[in-house]
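S.K.: based on what follows, work out the 3D shape:
(one chain, ligands or ions: 1)
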Amino acid sequence: MDYTAKINVVRQRIVHACERAGRHADEVKLVAVTKYIGVEETRALIRSGITDLAENRVQVALPKVKEIHENVCWHFIGHLQTNKVKDVLPYFQMIHSLDRFSLAKEIDQRAKKMGIETVSCLVQVNVSGEATKGGLKPDEVRPFLESLAEFSSIRVHGLMTMAPRVENPEETRPVFRRLKELRDSLQHIDFPYVEMRELSMGMSEDFEVAIEEGATMVRLGSVLVKP
Ligand SMILES: *Cc1c(COP(=O)(O)O)cnc(C)c1O
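M.R.: Okay, here's the model as predicted:
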C-alpha cells in the first residue's frame, strides 16, 4: 500500500490552484480524511508524509485513532454530540464542527476536568442554508463568538463549511467566497480567544475552487484513498 503517487498528484493540484489565486502552496494544509480506510492504510498515508488526519464519526474514529501512535494531528470534522465530547478531547487536536452553545459549554467543562488547557475549534457555518447541513447561519456567528467569552478553554481559529454536492464544482464558488467574506468581516473583532485565520473548506470534488477562494485547510478523502 503506497499513497505517495496519489498524494503527489493532489499536492500538484493544490499548487496549481494556489498559483491561479496568487497564493503560496504552504498557505493550504492538506487534511486527509481517513473515514473510508482502516489502521494499516492510515499508517501508509502517514508514511507518505501526511501529518494531518480527520474523522467525522466518533465510533468509527476512536478504535483507529487509538492504534495510531505516530505524531500526527487529528481533526474532528463531523457533527459532535455533547455526550461524545469526553471521548474526542483526548485524541483530537482540532474540532472543525463547533456549531452551538451547548457543545461549547460541554467542551469547556470537559477540558477543565481533564486538565486540557485549550481546545482549538473552528466554527461551522451553513452558508448554503441546506436543511441537511450542520452549522450556524452566517448572521449567527458573531453573537455566537461573543457567547463563548465565558468558556476559557475554547480557542477559535476560524471557520469551516461544507458546500452542497453539485454536478459542476464551479457552482460551489459563491459558498466559499461567502465564508471568506464572513471570516474577513470578523477578523477585526477583538476577543482574546478568537483568532479568525483558518478557512476549512473544500473536499475532493471542489477543493481547487475552495483554494482559489481562500481555503487554508482542505479536507480530502476519496481523491486520496479511493481506488
Ligand atoms: C467525508 C468528509 C470529507 C471528505 O470528503 P471527500 O469528498 O471524500 O473528500 C470532508 N469533510 C467532511 C466533513 C466529511 O464528512
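S.K.: residue contacts, the closest residue to the ligand within the chain?
M.R.: Using C-beta to the nearest ligand atom, the single residue of the chain nearest to the ligand is residue 221, 2.8 Å away. Where C-beta positions appear, they are placed from N, C-alpha and C, glycine not excepted. By C-beta atoms under 8 Å, 6 or more residues apart in numbering, residue 221 lies in contact with 32-36, 203-204.
S.K.: now do residue 98
M.R.: Residues near residue 98 by C-beta under 8 Å, 6+ apart: 80, 104, 107, 121-124, 154, 156.
S.K.: just checking, what packs against the top helix by length along the chain?
M.R.: Determined from DSSP state H, the single longest helix within the chain is helix 4-21. Here helix 4-21 touches strand 29-33, helix 207-212, helix 222-225, going by 3 or more C-beta pairs under 8 Å, 6 or more residues apart in numbering; DSSP states H and E.
S.K.: tell me the SS of the residue nearest to the spatial centre of the chain?
M.R.: In the chain, the residue lying closest to the centroid (C-alpha atoms, centre = their mean) is residue 96, at 4.3 Å. The local conformation at residue 96, judged by DSSP: H, G, I helix; E, B strand; the rest coil, is strand.
S.K.: is it true that residue 17 touches residue 206?
M.R.: No - Residue 17 is beyond contact range of residue 206, at 10.7 Å (criterion: C-beta atoms under 8 Å).
S.K.: with neighbour numbers in mind, choose between these two.
M.R.: residue 206 (26 against 22; other C-beta atoms under 10 Å).
S.K.: quick one: which of the contacts of residue 221 is nearest residue 56?
M.R.: residue 35 (5.6 Å; C-beta to C-beta).
S.K.: that closest one and residue 157: what is the separation?
M.R.: 22 Å (C-beta to C-beta, to the nearest Å).
S.K.: and if you look at residue 151?
M.R.: Distance, residue 151 to residue 157, by C-beta to C-beta: 15 Å.
S.K.: mind jotting down where the helices sit in this protein?
M.R.: With helices called from DSSP H, the chain shows them at 4-21, 39-47, 58-67, 85-88, 101-114, 141-147, 173-186, 207-212, 222-225.
S.K.: all good on my end, thank you.
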